[in-house]
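1. Got a predicted model here, sequence first, then my questions.
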Amino acid sequence: MKKVITYGTFDLLHHGHIKILERAKALGDYLIVGVTSDDYDKSRGKINVQQSLIQRVLGVKATGLADEIIVEEYEGQKIDDIIKHGVDIFTVGSDWKGVFDYLNQYCKVVYLKRTEGVSSSQIREENANLKIGLIGETRFMEKYYNESAFVNGLKVETVYTLDKSIYNDQKELLSFSNSYEELLTKVDAVYIASHPTKHYQQILQALENGKHVLCESPLTMSVKESKKLFEIANKKGLILMEAIKTAYSTAYNRLLLLLKSGKIGKVVSVDATCTSIEKIVKDDKLGYEKVWNSICSWGPTAMLPVLQVLGTNVKNLDISSIKLPDDATFDIFTKINFTFKDAVASIKVGKGVKSEGELIISGTKGYIYVPSPWWKTDYFEVRYEDFNNNIRYFNQLDGEGIRSQLLAFVRAIKHSNPKTYIDQQVSIEISKIIETYNNGMITNLNAK
């Protein structure tokens, strides 16, 4: 009996998939089909898959062409499968020609011509084409434009910015709007990365015009404003999502699941540090208005694991800051100590101070350690008293989390699901802590 094996994601199963399975089947007597797992797809940077693994497996099964279906879970598995199943022929589409020639030492490799004019990517594009506008002047705006190219069904339609220099490499590719009002007439959704003091009005204007919103954190500078925006979004059936990139990292989310399963026992402490050395330039007319201070730049990211792990019922805050001598609102370094009912936490954030950017979560059975820069989580360790029991976890992070974040935004809109990676109560609590900071409930140590 001649055995044939082929692999694929088989997302949104279409005529092209069926044709290639039919031709693979015709090469032998027994066809094995490997369907890639969700995690393996993510590790290859394939984040646009619309269907779950079980849906894709059932789709292949429904064709009646596969004699056996297996799941591809790791790089190099093809060699293991060929040897394990006694495969005679490995086959795949001709767009992979040459890539799998190394398998010739284990079996015969056959490249099949693809069906022209049909692909899962094309189907995803045709089914959803969300037009988004970018607003703001922050240095990572360009990254969002670049990463949007990897998300099917999403197109950057126009940009509104007071500083076009941040798009130097894409100026000829972009369409710029002359005003925010003009931008809102051209798009279905907006990504806002303007100064935090502008967020409330810009989000409000977008929601009132029926636009979905992805906004950098903090959403607003007060609890009242954040609550009002979520109420409007919920009432209108719109998505309002906070853009803390870490929240969309596969490794970070796996970390949260391990904590919920009791992997390190009861969590009693969370300590997070986020700092960077950046040149702080005062504008002659606007002062420091164009620059994000430390509490706004890094505070929400550092608060994220604290509030997601320990909850939003903070009993007490102790905030200390080092400020610029000529601006009492601009902190170059801030430390916050949190007290909960049966746990504590601390964060350290700074734009003019450098420290080890690590995350440590302490429990009654062990602890989780995420090395610097922890906010780009792709690796962490679960550590115990007996180091022989320590476990390391790896998950690739593409595009600093921006790619996954944009995909999550598109999916939330598509499925009308306001439950995003960051709970609304967490967003509101972040605004509350920012408001507390701005109200001066801190120990102020002026920088010299």
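-> Structure's in. What do you need? This is a predicted model, so every value here is computed, not measured.

2. Would you map out the domains in this protein?
-> 3-121, 128-245, 247-446 (automatic domain parsing).

3. Now tabulate those in TSV and tack on mean neighbour count and mean pLDDT.
-> Heads up, the C-betas are built off the backbone N, CA and C, glycines and all. Converted to TSV, these look like this (neighbours: other Cβ atoms under 10 Å; pLDDT from 0 to 100):
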stretch	mean neighbour count	mean pLDDT
domain 3-121	17	86
domain 128-245	18	90
domain 247-446	18	89
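
4. Can you tell me the closest non-neighbouring residue to residue 428?
-> Using Cβ to Cβ, 6 or more residues apart in numbering and skipping residues adjacent in sequence, the residue nearest residue 428 is residue 226, 4.8 Å away.

5. Which strand or helix spans that neighbour?
-> Element membership for residue 226 (DSSP states H and E) is helix 223-236.

6. Run through who's touching that helix.
-> The set of residues external to helix 223-236 that reach it, using Cβ atoms under 8 Å, 6 or more residues apart in numbering, is 200, 203-204, 207-208, 210, 213, 219-220, 238-240, 418, 424, 427-428, 431-432, 435.

7. thinking in terms of the whole chain, how far from its middle is it?
-> Mean-position distance between helix 223-236 and its chain equals 23 Å (Cα atoms, centre = their mean, to the nearest Å).

8. Going toward the C-terminus from that helix, what's the next helix or strand?
-> strand 240-242.

9. list the helices and strands that following strand packs on?
-> Applying 3 or more Cβ pairs under 8 Å, 6 or more residues apart in numbering; DSSP states H and E, one finds that strand 240-242 contacts strand 212-215, helix 223-236, helix 402-414.

10. how much space between residue 71 and residue 396?
-> Going from residue 71 to residue 396 by Cβ to Cβ, to the nearest Å gives 19 Å.

11. now residue 158
-> 32 Å.

12. And for residue 429?
-> Counting by Cβ to Cβ, the gap from residue 429 to residue 396 is 30 Å.

13. ok so, going back, got the helices and strands packed on strand 240-242 as JSON lines, with distance to residue 54 columns?
-> Shown next, in JSON lines, are these (distance: least, Cβ to Cβ, whole Å):
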{"stretch": "strand 212-215", "distance to residue 54": "29"}
{"stretch": "helix 223-236", "distance to residue 54": "31"}
{"stretch": "helix 402-414", "distance to residue 54": "18"}
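
14. what's the closest of the ones you listed to residue 110?
-> helix 402-414 (33.3 Å; Cβ to Cβ).

15. Which neighbouring elements make contact with that closest one?
-> Counting by 3+ Cβ pairs under 8 Å, 6+ apart, helix 402-414 packs on helix 141-148, strand 212-215, strand 240-242.

16. swap the cut-off to 10 Å and go again
-> Here helix 402-414 touches strand 130-136, helix 141-148, strand 154-160, strand 189-193, strand 212-215, strand 240-242, going by 3 or more Cβ pairs under 10 Å, 6 or more residues apart in numbering; DSSP states H and E.

17. can you redo the ones you listed as CSV with distance to residue 368?
-> Conversion of these to CSV gives the following (distance: least, Cβ to Cβ, whole Å):
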stretch, distance to residue 368
strand 130-136, 33
helix 141-148, 28
strand 154-160, 33
strand 189-193, 30
strand 212-215, 28
strand 240-242, 23
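
18. quick one: residue 305 from residue 358, how far?
-> 11 Å.

19. any common contacting residues for these two?
-> Common contacts of residue 305 and residue 358 (Cβ atoms under 10 Å, 6 or more residues apart in numbering): 271, 272, 370, 374.

20. Parallel or antiparallel, which strands does the one helix or strand the first one maps to pair with?
-> Residue 271 is part of strand 267-277, with elements assigned from DSSP H and E. Sheet pairing here is set by DSSP bridges, and for strand 267-277 it gives strand 344-350 (parallel), strand 352-353 (antiparallel), strand 359-363 (antiparallel).

21. Put the alpha carbons of the last one into PDB.
-> Translated: strand 359-363. Below are the C-alpha coordinates for strand 359-363, written out as PDB (Å, rounded to 0.1, in the frame of the first residue of the first chain):
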ATOM      1  CA  LEU A 359       8.100  41.000  36.000                       C
ATOM      2  CA  ILE A 360       8.000  38.700  39.100                       C
ATOM      3  CA  ILE A 361       4.800  37.100  40.300                       C
ATOM      4  CA  SER A 362       5.100  35.400  43.700                       C
ATOM      5  CA  GLY A 363       3.000  32.600  45.000                       C
END
